[in-house]
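Asks: what's the 3D shape of this:
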Amino acid sequence: MTGTLLDIEDMRHELAGTYLNVRVALQIKQLRLARGWSQEELARRAGIHQPQIANLESTRWKSWPQVETLEQIARAFDVSLHINFAEWSSLVTEFLNNSDIPTPADFEHDPVFQSANAENSQTVPDSPEERQNQKNETEKLP
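Replies: Numbering: from 1, shown residues only. From the prediction side, this is the model:
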């Protein structure tokens, strides 16, 4: 790509940073609203303060949180957090092809794990006694 703003290193990094800020802010807000949570509720579940949630949801916020904060938010939503380094072309492709921000399902509603749970009717034991009982029952099988 010649003759574009991406040819200027500082502009490339500014564009990438702005895109990332907007994408993360919108995804946090979208996940929160999809669950019907207030900023206060998300903050409570993530173990952080509500003003931090407001800042993270702001597309103009320039001060990135520590990864630990994003991990806390991912845990509150029960989704995984992916952070990766990539080629510049993947940013352009993502930007051009993703006009909407996906809202990932939490673990309980993840279609892959729902189908796996439906096929495997055994439940995960909650207590050590239940685990021992399940182990004893399994050992009795021929």
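
Asks: what's the one helix or strand Leu42 maps to packed up against?
Replies: Counting by DSSP states H and E, the element that carries Leu42 is helix 39-46. Helix 39-46 sits against helix 9-34, helix 50-57, helix 67-77, with contacts defined as 3 or more C-beta pairs under 8 Å, 6 or more residues apart in numbering; DSSP states H and E. Heads up, the C-betas are built off the backbone N, CA and C, glycines and all.

Asks: Tell me the spacing between Asp78 and Asn97.
Replies: 27 Å (C-beta to C-beta, to the nearest Å).

Asks: mean confidence score for the helix holding Leu42?
Replies: Mean pLDDT, computed over helix 39-46, is 97.

Asks: report the angle between the axes of it and helix 50-57?
Replies: In this structure, helix 39-46 runs at an angle of 100 degrees to helix 50-57, with axes from the mean of the first three to the mean of the last three C-alpha atoms, to 10 degrees as the basis.

Asks: can you list the residues that contact helix 39-46?
Replies: Residues from elsewhere that reach helix 39-46 (C-beta atoms under 8 Å, 6 or more residues apart in numbering): 28, 32, 37, 49-50, 52-54, 57, 69, 72-73, 75-76.

Asks: Could I get those residues in a markdown table, plus columns for distance to Phe85 and neighbour count?
Replies: As requested, the contacts of helix 39-46 are arranged in a markdown table below (distance: C-beta to C-beta, whole Å; neighbours: other C-beta atoms under 10 Å):
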| residue | distance to Phe85 | neighbour count |
| --- | --- | --- |
| Ile28 | 21 | 22 |
| Arg32 | 27 | 22 |
| Trp37 | 31 | 17 |
| His49 | 30 | 13 |
| Gln50 | 31 | 14 |
| Gln52 | 25 | 18 |
| Ile53 | 27 | 25 |
| Ala54 | 28 | 13 |
| Glu57 | 25 | 19 |
| Thr69 | 20 | 16 |
| Gln72 | 22 | 20 |
| Ile73 | 21 | 26 |
| Arg75 | 23 | 14 |
| Ala76 | 25 | 23 |
